[in-house]
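Novice: here is the input, now give the coordinates:
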Amino acid sequence: MATNADDKKIISVRIKRKQPELDAEPSQLFTKGDIRSYVREFVASWIRGDIIIRFPTASELAKQTPLAIAFPTDPSVNAELKIKEHYIDLLSITAGIKPSSTEEQEKAIEEVFKMLLMFRSANRIEGKIISNDLQKKVEDLEKTVKTQGKLVDQITGYLFKPKPEPKRPKPAKA
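Specialist: Below is the predicted model of the structure:
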């Protein structure tokens, strides 16, 4: 006869929890903070006039749409305006001018970043995107140069100041 112990064979299993890899690199190249700062620098450079964005023109868009022959009104002109309107709309959301939810703001920042990548890859950005830190450093250097210039003027003024002639005793009258 079989015993109860034979019927209930117990198998003990130990499960090891997978340890998180401490040396693993992050899966994304840029954090949301990095993307925000790139977008901030890009938009600020565009507003200051440091960069020029060459948006697709109506003639460029017409080459891509053979419908221009079929339609007497050129849809590419509307497409050019819509691209620029979309860009300005996104900038208004990212700047906080246009009321929007947090999700819409994050989406707008991502869209502007995608446009930055697209413009750069299509060679449509002229000029340099200057970071705020670089701009601040340039302003600090300009202040330092002004201050040093004033000091140099003061020092040269002191060194080359005409010295008063020594008083000579007057000859005695006879």
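Novice: please make it C-alpha for all contacts and neighbour counts, starting now.
Specialist: Fine.
Novice: which residues of the chain score low on pLDDT?
Specialist: 1-8, 19-26, 64-76, 132, 134, 174 (pLDDT under 70).
Novice: need phi/psi at D50.
Specialist: Per-residue torsions, D50: phi -70, psi -30 (degrees, to the nearest 10).
Novice: wait, it sits on I130?
Specialist: Yes: counting by C-alpha atoms under 8 Å, I130 is a contact partner of D50 at 7.4 Å.
Novice: settle it for me: which of the two has more neighbours?
Specialist: Neighbour count, other C-alpha atoms under 10 Å: between D50 and I130, I130 has more, with 17 against 14.
Novice: and that one, how far from V43?
Specialist: Using C-alpha to C-alpha, to the nearest Å, I130 is found at 10 Å from V43.
Novice: next one: the longest helix anywhere in the chain to chain centre, how far?
Specialist: Counting residues, the longest helix found in the chain (DSSP state H) is helix 132-159. Helix 132-159 has its average C-alpha position 28 Å from the chain's average C-alpha position, going by C-alpha atoms, centre = their mean, to the nearest Å.
Novice: and if you look at stretch 86-100?
Specialist: 16 Å.
Novice: got it, and stretch 52-62?
Specialist: Using C-alpha atoms, centre = their mean, the offset of stretch 52-62 from its chain centre is 23 Å.
Novice: now swap in stretch 158-174 and tell me
Specialist: Offset of stretch 158-174 from its chain centre (C-alpha atoms, centre = their mean): 66 Å.
Novice: quick thing: my sequence starts at 228, can you match it?
Specialist: Will do, 228 is the new start, and the previous item becomes stretch 385-401.
Novice: what are the boundaries of the strands in the chain?
Specialist: 278-280, 352-354 (DSSP state E).
Novice: adjacent strands (with direction) for the last one?
Specialist: As defined by DSSP bridges, the strand partners of strand 352-354 come to strand 278-280 (antiparallel).
Novice: got the buried residues for the partner strand?
Specialist: 278-279 (16 or more other C-alpha atoms under 10 Å).
Novice: ok, back up a step: closest to S327 out of the strands of the chain?
Specialist: strand 278-280 (25.4 Å; C-alpha to C-alpha).
Novice: measure K400 to P393 for me?
Specialist: Taken as C-alpha to C-alpha, the span from K400 to P393 is 21 Å.
Novice: swap that for L256, please
Specialist: Taken as C-alpha to C-alpha, the span from L256 to P393 is 76 Å.
Novice: tell me, how many residues neighbour the residue nearest to N305 when sequence neighbours are not counted?
Specialist: Spatial nearest neighbour of N305, chain neighbours left out: A285 (8.0 Å); criterion: C-alpha to C-alpha, 6 or more residues apart in numbering. Here the number of neighbours of A285 (other C-alpha under 10 Å) works out to 17.
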